[in-house]
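Colleague: Provided below are the primary sequence and the corresponding predicted coordinates.
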Amino acid sequence: MTSSTPGRVAVVNSAQTLLTSSWSDRQHIDLISEAVSRALKGTGIRLEDVDFVIDSGSDFLDGRSISNCGFLGAMGAHHKEESRVEEDGLWSLTYAANKIACGSAAVGLVVAYSKPSESDVSAFWTGLLEPFIQRPTGLDQFSAAGLYAQRYLAKAGLKADDLHDVSRRAWERAARNPFVDVDEVPDDRSFWFEDVATPLRRSDMARPVDGAVAVLVANAEVADQIAKRPVWITGQGSAIDQHFLAAREPDSLPACEAAGRTALRATGAASAKEFDIVEVSGTSTVGELMVLEALGLAEPHRGIDLYRDEGSSGINPSGGALPADVIMATGLARLHEAASRLSGRTGSPQDGLDNARTALVHGTGGFAMQNHCVVTMAAAS
Amino acid sequence: MTTIHHADPSETMESMPAQISMPYTLTPGQATGIFLAELRNRRLIGSRHGDGTILVPAQDFCGSTGEPVTNFVEVAAAGELQAFTTTARGTIGMVLIDGTSTPFVHQILQADPAALEIGTRVEAVWAVEATGTFLDLAGFRPAGNPNTFEPRESPGDLAEPLQQVDYRMTLDYQHAYGQYYGTLFDGVKNSRRIRGVRCSECRKVLLPPRSHCDVCFAPTHEWIDVKPTGTIQACSVVHIEFIGQRLTPPYIYAEIVLDGSSTRLIHMVGGDAANADKHAVEPGNRVRAVWSERRTGSLADIEHFELLPADEDPS
C-alpha cells in the first residue's frame, strides 16, 4: 500500500469551442487543438508540464477505428501517456482526477469532442444496442425517449405541452450562452409541436452539436501556484443500469440516483440542493426531469416544479444538454461551464450566480441514459 | 472492414463522403439462440431464474439479479401493451407476455396508434417466411381476446440454439476537410501544387498541413510549397492482396520525404526503372511524382512516384 490519503485535485482551467450544429469547415483536430490551446493559455502550464492526456470520443461517430490515434497531436499528447475512454468526457475527468489523487501524476489534460454532423446520429445510438432482440425492432433514441415519456407523463399527471417549460428555459439560457450557436428561442410551430416520438416533440429532444472541450486538472501543489481560484473536485460517483430498456424502471433513473449518492457521500453534502450550481445532461426533456429527481433536487414526478419558479436559476445556467448535446463531451461541457463560473472566469454573467462556490455536474452515456456520472466541485474561498 | 472513398464528380474540396461497412457473424449463445431458433416453430421461449422470475426472450442470466437460467418455459404469444410510442419509423411498444416478469420492446403492427392504450391486449404477428432472426416474430397487434396460457415447462422437442446470426453494419459519413486539408487538396486538384505549413517553433514543414505542430503544439502559420520530388526513407514490396488496394501486387510501398518538407508521405513507387527490379529500390533513392489523369483532389491524384535519374535531379 502506498499513501492512504488521496491528494486534492483541482480544475485549474478549461475551455470549449463554440458548440454548433455543424462545424462543416473544421476537422476534429481543428476543434480539439483550439480547445486544448485555450485550456493551456494563460495558466503558466506548458505542454511539457502535462503528465498525461485522457480523452473521450466515439469511433462510431468519428468514422475510424481507435480514432484517438489520429488526434494525438491535436490533443497535445505527443510522446505522452494517453488513454481513451469510450464514454462521456466526465468519466475521463474522473479517471484523470483519480490518477492525480493517488500521486502518480501532477498535471493532466482531459479532452472530449465529437462531430455528430458528419454521420447519421441514429446509427450511432442504435449501434449501442444489443443486436439480437433489440436492434432489429427499429428501437432508436427517439422511440426510447418516447417510451419513457409516455409512462413518466402518465405518472406525473402532466401533458406533453407542460414539457415546453423545460425546453423553453433551456433554449433561453442557451441563447445567452456565447459558446452555443443559439441566438434566440426557436419560434416555429413545428419545433414545438411536431411529433418525433409520441408524446415527445422536436423541442423535447436534445439537439446534437459539434464541438470540443478541454479541462486542465492538477494536484494541490500546482493548483495553488497557478490558479487564482482553484476549483477543487470534492466528490465523484458513477453507476450503470441494465442494458435492456424494457427491464429498467419505467419512469426513473436509479443508476443516476446511485451515482449522485456516491458523489454526495464523498462530498459530505446531505443533499444536491446544497449546491449553488447544478449542471445536468438530459437527452430529452423527460430525461432531464428524471435526472433532477434522481439527484434529489425534486420529489419523484415533481421535477417540473423547478421550471415553474425562478428560484432555481442555479440549475443548468448554461442551458444544459437539450440545446447543445456534444455527444461524448456533453458532461465535460457541463463541468467546464460550472468550473468557469466557480473560478470567476466567466466575468459577471448577471444571473445571480456571481457568488456561487459549489457545483454538482452530471453526465450520461449509453443507450437511453443507461450510464451516469456525477462530479461535485467547490471553489477555494 | 471495407472503407470506400467515393470519387463523386460533384465532390467539393469541403468534405468527403465515406462509408464503412463491416460484416459480422454474431453468436447469440444458449438462451437467445434457443429463443431465436424456436421462432421458426412459432413458439415463444422464456427462461426461469432462481426466484421464479420468467424472462422473455429467454436469457442466460437475469439482468437484475444475475441468477442463471434454471429451465426454459414456453409462454403464450400474447400479452399486454405497457407503453408505446410512434415515430417516423412506426409504432414501438413494450409488451409484457402473460405470466412473465419483464416486458420487451417490439413493433406494434396493424394498429391505429390513436386507438392504442396502456393495457391493450396484443398477440404475436409471425413473419410469413422465417429467416433466423428476431423478426421471425414480426411484432404484435391488438387482439380482443388472444389465445393465452400460463407459462409451461419447456417442450421436449426444444430446438437447438441458433449458432450464428449474419449481420452487416453500414455507416455513412461526410467528413469535413477543414481549411488545411481543403487548401492542400484544392492545390493538388487544380494546379498540381503540394502545400504544407511551417511550425512557428521548430520550423519544420508539415504535410498534410494542420493548425498545430504535433510535436511542439505550437501554431503553424506559413504555407510552404513542397516539391513533387523527394527521397525514399523506407520501402517495402507488398505481395499480399487486400480489399481497397489500388494496384495489383506486387508493388512498392514507400515512405517519402518530399523536398522542402519535414514529414514522411506514404505512397507507391512504380515506373519502368523501379519495376525492373523492385527489390533494388532502397532508402536514399530519389523519386518524383507521376501525376495521374484523375483530378479528384487527393494525394491519389499522384499515380505513383518514379525513380529520378541522377541527371534530372533538380537538387
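Modeller: Perfect, I can see it now.
Colleague: C-alpha only now, for contacts and for neighbours.
Modeller: Noted.
Colleague: just checking, what's the longest helix in the chain?
Modeller: This is for chain A. helix A:141-156 (DSSP state H).
Colleague: Correction: the question concerned chain B.
Modeller: Chain B, longest helix under DSSP H: helix B:178-191.
Colleague: returning to that earlier point: check whether the longest helix of chain A comes near chain B.
Modeller: Yes: Helix A:141-156 reaches chain B (Cα under 8 Å from any Cα of the partner chain) through A:Phe142, A:Ser143, A:Gly146, A:Leu147, A:Gln150, A:Arg151.
Colleague: Got a ChimeraX select line for the buried ones in these?
Modeller: Per 16 or more other Cα atoms under 10 Å in any protein chain shown, the buried members of the residues of helix A:141-156 next to chain B correspond to this ChimeraX selection:
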select /A:142,143,146,147,150,151
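Colleague: got a list of what A:Tyr95 touches?
Modeller: For A:Tyr95, the contacting residues are A:Ile54, by Cα atoms under 8 Å, 6 or more residues apart in numbering or on different chains.
Colleague: where does it land on pLDDT?
Modeller: As predicted, A:Tyr95 sits at a pLDDT of 98.
Colleague: my read is it is in a strand, agree?
Modeller: No: per DSSP: H, G, I helix; E, B strand; the rest coil, A:Tyr95 lies outside any strand segment and is helix.
Colleague: Quick check: the gap between it and chain B.
Modeller: 24 Å (Cα to the nearest Cα, to the nearest Å).
Colleague: Let me see the contact set for residue 303.
Modeller: You didn't say which chain, so I picked chain A. A:Leu289, A:Met290, A:Leu292, A:Glu293, A:Leu297.
Colleague: was after chain B, sorry
Modeller: Residues near B:Glu303 by Cα under 8 Å, 6+ apart: B:Ala289, B:Val290, B:Trp291, B:Ser292.
Colleague: among those residues, which are in strands?
Modeller: B:Ala289, B:Val290, B:Trp291 (DSSP state E).
Colleague: Give me the subset of those that also touch chain A.
Modeller: Within the ones in strands among the contacts of B:Glu303, nothing lies near chain A by Cα under 8 Å from any Cα.
Colleague: and A:Glu82, backbone torsions?
Modeller: phi -140, psi 140 (degrees, to the nearest 10).
Colleague: Pull the contacting residues for the nearest residue to it once chain neighbours are set aside.
Modeller: Closest residue to A:Glu82 apart from its sequence neighbours, by Cα to Cα, 6 or more residues apart in numbering or on different chains: A:Val53 at 4.8 Å. Counting by Cα under 8 Å, 6+ apart, A:Val53 touches A:Met75, A:Gly76, A:Ala77, A:Lys80, A:Glu81, A:Glu82, A:Ser83, A:Gly108, A:Leu109, A:Val110, A:Val111.
Colleague: 7 Å - rerun?
Modeller: Counting by Cα atoms under 7 Å, 6 or more residues apart in numbering or on different chains, A:Val53 touches A:Ala77, A:Glu81, A:Glu82, A:Ser83, A:Gly108, A:Leu109, A:Val110.
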